[in-house]
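# What follows is a protein structure lacking sequence information:
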């Protein structure tokens, strides 16, 4: 073994010694996920979807469309239309499969394993960033990890398990230290989310809008004097960061979103709403969607009986809804307490509030009600 190899081996052993026991628990879990995913997908003769029908086979058609040289920003089944499934997942699978000489289905099986392991790893890193200690991080990871996402054969589950954790990690990195490189990375991931999932992109933009409101307005609000105290030069610099993030996030997503925004004015086609979704351009449908989402997210634990089956997954969703409601109440009460203190700009306290809010928004993105809507 050469001197360089010995140095690298010593560095590897030192890194392993520095890991906490919680990290090893997650490592064992990730290895288990890898073997489980390999065993699950390698024995499949067809995708886990009705033969020549269902979401997974439609996704396979999108992958094969790109694999055969088709435009990823055009529909795979109808000429001259937008893709039914947003293209990022299909592009990653198709172009990698082409490079490795794999068929579309083989590529989907391979990336089901890769995305499963990477996605859960990102989730643990995120909970660790949001927590004060590794035990809390491990507990948060256990609460939000969702094995039912496996296997990953569709752009929706890809967005849930990969893009959401990555997006919030980039947001947290920028919140921790405002720099142009971090703003650029956040903008890139925001744009890629726009090519990954429509509702996911809207949710990411809403999160970004809330961040901008705090970053440019409420962060300068003096609760004692009841007015905004703006530091002009600092505010201008912050505005530049916001512009970088937004422009990158918008322009990268534009190859798909140009027609929906500028050609169709944001209105879904009648054919699309007829088979896939309600028409959310109507006010009554918007209110009903909001009501269903709020009830399903925060009060799922109150719904028993009827056609609901008793299962670990069902009980888990109900438990998660209770935790979300408790977390929301805790956040509101904690926010009021801090506002009443004389030193409301105490950095440590304010950062904890921001981290808790971000964590809450992240968990909400995994709620079963929201997931069913996308």
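Sure, I can see it. Just so we're clear, the structure is a prediction, and the values are computed from it rather than from any experiment.
# What are the boundaries of the helices in the stretch 151-300 of the chain?
Along the stretch 151-300 of the chain, the segments classed as helices by DSSP state H, counting those that start in this stretch run 155-158, 164-176, 180-194, 198-216, 232-258, 270-275, 283-298.
# Kindly calculate the angle that the fourth one makes with helix 164-176.
Orientation of helix 198-216 against helix 164-176 (axes from the mean of the first three to the mean of the last three CA atoms, to 10 degrees) gives an angle of 10 degrees.
# packing partners for helix 198-216?
Packing partners of helix 198-216 (3 or more CB pairs under 8 Å, 6 or more residues apart in numbering; DSSP states H and E): helix 164-176, helix 180-194, helix 232-258. In this view, the C-beta of every residue, glycine as well, is placed from N, C-alpha and C.
# and if we set it to 10 Å?
Packing contacts for helix 198-216, counted by 3 or more CB pairs under 10 Å, 6 or more residues apart in numbering; DSSP states H and E, involve helix 155-158, helix 164-176, helix 180-194, helix 232-258, helix 347-364, helix 368-373.
# Averaged pLDDT, the fifth one. What do you get?
Averaged over helix 347-364, pLDDT sits at 42.
# Could you do stretch 78-96 as well?
Stretch 78-96 shows a mean pLDDT of 85.
# and it, how far from the chain's centre?
Taking the mean of its C-alpha atoms, stretch 78-96 sits 19 Å from the chain's own mean (CA atoms, centre = their mean, to the nearest Å).
# measure it end to end?
Length of stretch 78-96, first residue to last, CA to CA, to the nearest Å: 25 Å.
# And stretch 66-77, by the same measure?
12 Å.
# Check what contacts it and list those residues.
Applying CB atoms under 10 Å, 6 or more residues apart in numbering, the set of residues contacting stretch 66-77 from outside is 58-65, 80-88, 90-95, 97-98, 102-104, 107, 195, 255-256, 258-259.
# Take these and keep only those in helices.
Among those, the members falling in helices (DSSP state H) are 58-65, 88, 90-95, 97-98, 104, 107, 255-256, 258.
# Just the buried ones from the residues you listed?
The neighbour count (16 or more other CB atoms under 10 Å) marks 58-65, 88, 90-94, 97, 104, 107, 256 as buried among the ones in helices among the contacts of stretch 66-77.
# Give the burial count for the nearest residue to residue 95 once chain neighbours are set aside, as a bare number.
In space, and not counting its chain neighbours, residue 95 is closest to residue 66: 7.2 Å by CB to CB, 6 or more residues apart in numbering. Neighbour count for residue 66, taken as other CB atoms under 10 Å: 24.
# how close does residue 66 get to residue 85?
Counting by CB to CB, to the nearest Å, the gap from residue 66 to residue 85 is 11 Å.
# check contacts around residue 121.
So residue 121 contacts 26, 27, 29, 30, 33, 165 (CB under 10 Å, 6+ apart).
# Let me know the helix or strand that it is in.
Take DSSP states H and E as the rule and residue 121 turns out to sit in helix 104-129.
# Return the set of buried residues in that helix.
Buried residues in helix 104-129, counted by 16+ other CB under 10 Å: 104-105, 107-129.
# Same check on stretch 146-153?
Residues of stretch 146-153 classed as buried: 146, 149, 150, 151, 152, 153 (neighbour count, 16+ other CB under 10 Å).
# And for stretch 37-51?
For stretch 37-51, by 16+ other CB under 10 Å, it's 37, 40, 41, 47, 49.
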